[in-house]
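Q: sequence plus predicted model, see below.
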Amino acid sequence: MEQQQTAGEEGGDPRGPRRVGLFVAALAAYYVVYYWIFVGRVGEYFSDILRHFAFVRRWLP
Amino acid sequence: MIALLSFLVLTVVFLSFGERLARLAGLRPGPLLERLSLSWVLSTGVVTLAVFGLAAFHAVTIWSCLLLIAAMGLASFGAARELWGELKGVAWRVALRPAARLDRVLLVLIGLFLAGGLVMALAPPTGMDTGVYHFTIPKVILQNHGLVPRDDIWIHKSGGFYMIYVLGMALGGEIVAKLLAFAMAAAGTGLCAAVADRLRPGCGRLAMFILLSTPLSAGYLGYEYLELPVLTYILAALLAVLRGPEGRAWTVLACGLTGLALSTKPSAFAAAVLVPAALGRMLAREGRRGMATAAGSLALLAACAGFWSVWNYATTGMLLYRYPGSAIDAEGGLPVVPPWWIGVGRELRNLATTGIYWTDSAGPLIIAGFVGFAIFLWKRERKLLFLLGATSIAGFVAVLALLAPAYLSVFGARYLAPCIVGFGAPLAAQFVGWVRERPGFLRQVVLAALLLPAAPLLVLKGGKAVVAAPAALGLESRSAYLGKKIETFAACDLLNHLPDPNVKVLFAGVRPYYLDRSFVWMTYFGQNPFSRDIRTREDFVRRIRAQGITHLLYEPAPRRSAPFVDPDSLSAPPFREIGRWPWKTDQSVRLYAVDPP
């Protein structure tokens, strides 16, 4: 019942496709920004691990 | 093997005791996953308070912990048999082979995240803050059979879940403690599913996946931090709020669980938004008849949130202890902070992306879920989670901006993440569940946005698990594993094996957990109580003698303010270098013996 009502509302609402388009565009932009920062953080994490590998290598006989 | 057996027994006792407790409180049983998860959390809460009681009276021993578990087991024998019967009756083939392809994919990914966390939980502890305090404080409590007031370690910071670590360490060692933390996080995923299923039937699996594929969960699952226990308490309290109309006991429970979340980590104070939600809904239903229940709920909230502060007050005269020489001590001085609006802006940016580490994030889907819910579902679905999430974010940022702008820091994203994930994961599941039922472009995009975050996190978690697997499976010894991971482990190991029983160490290093001997800790940043009023090298040596220090462990720390604790000052008598190990850069960890006068 709810789904039928939802489909009807969306189908009859001319703002529907535009709203979807805006949401998708914002989502894509947000994911790009998020992963840009996230990759930077992961890069810092791996550079720390590499420094740690240096510690491990020196620790080994 | 002993650790696994201990954990197995504890699992049975926790689940059956929690079930028994729920029945005694008159809580109507829900679906099996919800019951098991809630039972675990209820037992965790009771054990936290009971072990804290033992610790306050210096009665924490293996025997008192065994007695506690035996009493819980005896009280819930019938519930254990009943649960076992229900578990046998589950149609596992159907549960593990859902019809829809997306559900099967989600199930596999959920299994991979949990397996990665389990491997990490079975390996010796290596988390930074674990070695600094999350495991150090439970170890000190266990060594002293109870809580001991100390200036040098952060034992006065409320850490309710430490009591679970104490129990685990007492009954089987550090791996049991780690497994108990892992089980608490697993209970959180079950509760997340339960909450989502109650808001939108059929969304439980989605919610579990969304929670597990957040950087917060993927990063900390299998570790010994406090964020995931806080998250689990928040989800349990949220479930209790949703089930509030079934009876007043749920409202009381919601407040008690919120209190336990706050006592686990006070920086999660924004979780307190659950209290007005629980009480407001109950009072709206019942009017004046609910006043007594509301008063009882607030009393339970105060007890569960404030038990550590009562001990602080009894031992130091302060509810919130100010460490001498620390940033929160008046004499320590406060850091310079930017104008509040810059701090707020940075905080919001960090909350929407990541904090200082990649783990300090709720992930992009949850933020997208909030926006998607507001755009598409505002008029159709229950808004409780959206309002709780938005209020917790606004409250957190506002309180810090007004009262403690220095804490609007890169760590803020981690402090608030349990709230954002706790309220946001079931909310995002509501949104994705709605989108999933609608064919078209939006469905394809949102499902891609759902699955994408899992990929890098599974690679990261998988990599960590592969490194930890030999130690987790017993193929690599604890000392070999930790010797490669912890810069000061070799020095601690040497000290632990010295024949002199009176060894006392001035630990000028980051992670004192690996030291089994008596120690005084010098924090690795800022000032520390040991160095207070030391003006000359003679003052320093005099204090070393007065406190009975026999050894000094030095680990480089650029931000530490500790006069005369540096290789140059320590190169002359009475200090004698007895060991040196490479550190990350060209510097070294050094171990000194303090020669007698």
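A: Received it, and whenever you're ready, just let me know what you need. Residues are numbered from 1 along each chain as shown, chains lettered A, B, ... in the order given.

Q: and after the lowest-mean-pLDDT helix or strand in chain A, which helix or strand comes next?
A: Every helix and strand of chain A was ranked by mean pLDDT, DSSP states H and E. The lowest is helix A:2-12, at a mean of 43. Elements were assigned by DSSP states H and E; along the chain past helix A:2-12, the next helix or strand is helix A:15-59.

Q: same for that following helix, what does it pack against?
A: helix B:364-372, helix B:441-451, helix B:454-472, helix B:478-485, strand B:575-582 (3 or more Cβ pairs under 8 Å, 6 or more residues apart in numbering or on different chains; DSSP states H and E). Every residue, glycine included, has its C-beta placed from N, CA and C.

Q: reformat those as JSON lines; add distance to residue B:111, mean pLDDT and mean neighbour count.
A: As requested, the helices and strands packed on helix A:15-59 are exported to JSON lines (distance: least, Cβ to Cβ, whole Å; pLDDT from 0 to 100; neighbours: other Cβ atoms under 10 Å in any protein chain shown):
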{"stretch": "helix B:364-372", "distance to residue B:111": "19", "mean pLDDT": "96", "mean neighbour count": "23"}
{"stretch": "helix B:441-451", "distance to residue B:111": "15", "mean pLDDT": "94", "mean neighbour count": "17"}
{"stretch": "helix B:454-472", "distance to residue B:111": "11", "mean pLDDT": "95", "mean neighbour count": "18"}
{"stretch": "helix B:478-485", "distance to residue B:111": "25", "mean pLDDT": "92", "mean neighbour count": "18"}
{"stretch": "strand B:575-582", "distance to residue B:111": "40", "mean pLDDT": "92", "mean neighbour count": "16"}
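
Q: reformat the ones you listed as a markdown table; add distance to residue B:46.
A: Below are these laid out as a markdown table (distance: least, Cβ to Cβ, whole Å):
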| stretch | distance to residue B:46 |
| --- | --- |
| helix B:364-372 | 31 |
| helix B:441-451 | 37 |
| helix B:454-472 | 30 |
| helix B:478-485 | 31 |
| strand B:575-582 | 44 |
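
Q: in CSV: those, plus distance to chain A.
A: Formatted as CSV, the helices and strands packed on helix A:15-59 follow (distance: least, Cβ to the nearest Cβ, whole Å):
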stretch, distance to chain A
helix B:364-372, 4
helix B:441-451, 5
helix B:454-472, 7
helix B:478-485, 5
strand B:575-582, 4
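
Q: out of those, which comes closest to residue B:404?
A: Taking Cβ to Cβ, helix B:364-372 is the member of the helices and strands packed on helix A:15-59 nearest to residue B:404, at 24.5 Å.

Q: tell me the buried residues in the next helix or strand after that closest one?
A: Later in the chain than helix B:364-372, the nearest helix or strand by DSSP H and E is helix B:384-403. If you call a residue buried by 16 or more other Cβ atoms under 10 Å in any protein chain shown, then helix B:384-403 has these buried ones: B:384-386, B:388-389, B:391-393, B:395-397, B:400-401.

Q: restrict those to contacts with chain A.
A: Among the buried residues of helix B:384-403, no residue lies close to chain A (Cβ under 8 Å from any Cβ of the partner chain).

Q: using CSV, lay out the residues you listed together with distance to residue B:169 and pLDDT.
A: As requested, these are arranged in CSV below (distance: Cβ to Cβ, whole Å; pLDDT from 0 to 100):
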residue, distance to residue B:169, pLDDT
B:384, 38, 94
B:385, 36, 95
B:386, 40, 96
B:388, 35, 97
B:389, 35, 96
B:391, 37, 96
B:392, 33, 96
B:393, 36, 94
B:395, 35, 94
B:396, 32, 92
B:397, 37, 91
B:400, 34, 86
B:401, 39, 86
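
Q: would TSV of those with distance to residue B:167 be doable?
A: Below are these laid out as TSV (distance: Cβ to Cβ, whole Å):
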residue	distance to residue B:167
B:384	34
B:385	32
B:386	37
B:388	31
B:389	33
B:391	34
B:392	30
B:393	34
B:395	33
B:396	31
B:397	36
B:400	33
B:401	38
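
Q: close to chain A: what parts of the stretch 251-400 of chain B are there?
A: Residues of the stretch 251-400 of chain B lying near chain A (Cβ under 8 Å from any Cβ): B:352-354, B:356-358, B:361, B:364, B:367-368, B:371-372, B:375-376, B:380.

Q: swap the cut-off to 6 Å and go again
A: Residues of the stretch 251-400 of chain B found near chain A (Cβ under 6 Å from any Cβ of the partner chain) are B:353-354, B:358, B:364, B:368, B:375.

Q: of all those residues, which two lie farthest apart?
A: B:358 and B:375 (28.3 Å).

Q: between those two, which one's more packed in?
A: residue B:358 (23 against 14; other Cβ atoms under 10 Å in any protein chain shown).

Q: next one: stretch B:4-14 to chain centre, how far?
A: 20 Å (Cα atoms, centre = their mean, to the nearest Å).

Q: report the buried residues of that stretch.
A: For stretch B:4-14, the neighbour count (16+ other Cβ under 10 Å) marks B:6-7, B:10-11, B:13-14 as buried.

Q: what's the helix or strand that residue B:251 is a member of in contact with?
A: According to DSSP H and E, residue B:251 maps onto helix B:248-264. For helix B:248-264, contacts defined as Cβ atoms under 6 Å, 6 or more residues apart in numbering or on different chains pick out B:25-27, B:45, B:158, B:160-161, B:226, B:229-230, B:233-234, B:236-237, B:240-241, B:243-244, B:268, B:271, B:274-275, B:278, B:282, B:293, B:296-297, B:300-301, B:304-305, B:308.

Q: and the nearest residue to residue B:209 once chain neighbours are set aside, what element?
A: Closest residue to residue B:209 apart from its sequence neighbours, by Cβ to Cβ, 6 or more residues apart in numbering or on different chains: residue B:106 at 4.6 Å. If you go by DSSP H and E, residue B:106 is part of helix B:101-122.

Q: hmm, who's touching the following helix or strand past that helix?
A: Using DSSP H and E, the helix or strand that follows helix B:101-122 in sequence is helix B:128-129. For helix B:128-129, there are no external contacting residues (Cβ under 6 Å, 6+ apart).

Q: chain center to helix B:128-129: distance?
A: Relative to the centre of its chain, helix B:128-129 is centred 12 Å away, using Cα atoms, centre = their mean.

Q: likewise stretch B:119-135?
A: 11 Å.

Q: show me what counts as buried in that stretch.
A: B:119-127, B:130-135.

Q: which of those sits closest to chain A?
A: Lowest distance from chain A to these (Cβ to the nearest Cβ) belongs to residue B:126, with 10.7 Å.

Q: tell me the contacts of that closest one?
A: residue B:485.

Q: ditto for the one 4 residues further on
A: By Cβ under 6 Å, 6+ apart, the residues touching residue B:130 are residue B:224.

Q: repeat the analysis, applying 8 Å as the threshold.
A: Contacts for residue B:130 (Cβ atoms under 8 Å, 6 or more residues apart in numbering or on different chains) come out as B:223-225, B:511, B:513.

Q: next one: residue B:302
A: residue B:259.

Q: and residue B:292, by the same measure?
A: Counting by Cβ under 8 Å, 6+ apart, residue B:292 touches no other residue.

Q: can I take it that it is in a helix?
A: Yes - according to DSSP: H, G, I helix; E, B strand; the rest coil, residue B:292 belongs to a helix.

Q: check it and give its pLDDT.
A: With respect to pLDDT, residue B:292 scores 95.

Q: how near is it to residue A:37?
A: Using Cβ to Cβ, to the nearest Å, one gets 50 Å for the distance from residue B:292 to residue A:37.

Q: what's the answer for residue B:517, then?
A: 43 Å.

Q: so which of the two has more stuff around it?
A: residue B:517 (19 against 16).

Q: that one is in contact with residue B:503, isn't it?
A: Yes - using Cβ atoms under 8 Å, residue B:517 makes contact with residue B:503 at a distance of 4.6 Å.
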